[in-house]
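Colleague: can't give you the sequence, but here's the structure:
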């Protein structure tokens, strides 16, 4: 059993450092109003190093549209947090049930990636005044979440039987996460959550291919 398990780039630093703005119930077409210069105090814009700045013209666009969290963004975070938690629970079983180095490295990679993502989404929800989901509470049913019976079977398995069951359950789990991420990219308006969704969709799609290769 072998696979290249390079660590995918995380966008945690970018997402966590971004400034949160007011929450609206917009749809995928509501990207917020562009930042523009007003008619009050003059706003001096920087120029090249050593050059004198210039004063912005009233009504002038000053940058990208601001990001406004909407209902789809909240749903994404509230659903992905417990989804990630289950992945971490499954990954934590690997070390004690198989000696396969590739699978153990893969489980470590899941923990390294998804633990910080949970913290970022939890902080984001708290800032908006939303409660962080407890345990495996899942706003949207399905999405590859393993059942209690499947988790108990995974806990009881060892060796090759564990490896095969883990891969089958984690592939389905990852496929659910990719679906959730695509839904966020189609409907979400918040820049931080959209960055998170892009990272999930790209990273976990690669991991799905690798896990399928292990099974074959």
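Modeller: Perfect, I can see it now. In this text, all values refer to a predicted model and were calculated from it rather than measured experimentally. Numbering: from 1, shown residues only.

Colleague: rest of the way, CA atoms for contacts and neighbours
Modeller: Will do.

Colleague: just for this protein, where's the confidence low?
Modeller: Low-confidence segments of the chain, defined by pLDDT under 70, are located at 1-67, 136-141.

Colleague: need the helices for it, in chain order.
Modeller: Taking DSSP state H as the criterion, the chain carries its helices at 12-17, 71-92, 101-127, 148-156, 159-187, 191-215.

Colleague: Deepest-packed of these, please.
Modeller: By mean neighbour count, with neighbours taken as mean count of other Cα atoms under 10 Å, helix 71-92 ranks first of those at a mean of 22.

Colleague: and the angle from it to helix 159-187?
Modeller: Between the axes of helix 71-92 and helix 159-187, defined by axes from the mean of the first three to the mean of the last three Cα atoms, to 10 degrees, the angle is 170 degrees.

Colleague: Please tabulate the helices of the chain in JSON lines, including the columns distance to residue 135.
Modeller: JSON lines is the format used below for these (distance: least, Cα to Cα, whole Å):
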{"stretch": "helix 12-17", "distance to residue 135": "22"}
{"stretch": "helix 71-92", "distance to residue 135": "6"}
{"stretch": "helix 101-127", "distance to residue 135": "12"}
{"stretch": "helix 148-156", "distance to residue 135": "13"}
{"stretch": "helix 159-187", "distance to residue 135": "16"}
{"stretch": "helix 191-215", "distance to residue 135": "20"}
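
Colleague: For residue 142, find the nearest of these.
Modeller: Relative to residue 142, the nearest member of those by Cα to Cα is helix 159-187, separated by 7.6 Å.

Colleague: Remind me what the closest one packs against, helices and strands.
Modeller: Counting contacts by 3 or more Cα pairs under 8 Å, 6 or more residues apart in numbering; DSSP states H and E, the secondary-structure elements packed against helix 159-187 are helix 71-92, helix 148-156, helix 191-215.

Colleague: will you turn those into JSON lines that also has distance to residue 121?
Modeller: Output for the helices and strands packed on helix 159-187, formatted as JSON lines (distance: least, Cα to Cα, whole Å):
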{"stretch": "helix 71-92", "distance to residue 121": "6"}
{"stretch": "helix 148-156", "distance to residue 121": "25"}
{"stretch": "helix 191-215", "distance to residue 121": "8"}
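
Colleague: nearest to residue 133, of the helices of the chain?
Modeller: helix 71-92 (6.2 Å).

Colleague: Phi and psi next, for the closest residue to residue 190 other than its chain neighbours.
Modeller: Among residues not flanking residue 190 along the chain, residue 69 sits closest, at 4.5 Å (Cα to Cα, 6 or more residues apart in numbering). Per-residue torsions, residue 69: phi -60, psi 140 (degrees, to the nearest 10).

Colleague: Hmm, residue 69 is touching residue 189, no?
Modeller: Yes - contact status for residue 69 versus residue 189: in contact at 5.7 Å, counting by Cα atoms under 8 Å.

Colleague: roughly how far apart are residue 189 and residue 197?
Modeller: Relative to residue 197, residue 189 is positioned 11 Å away (Cα to Cα, to the nearest Å).

Colleague: related to what we said a few turns ago, what's the closest of the helices and strands packed on helix 159-187 to residue 181?
Modeller: helix 191-215 (4.5 Å).
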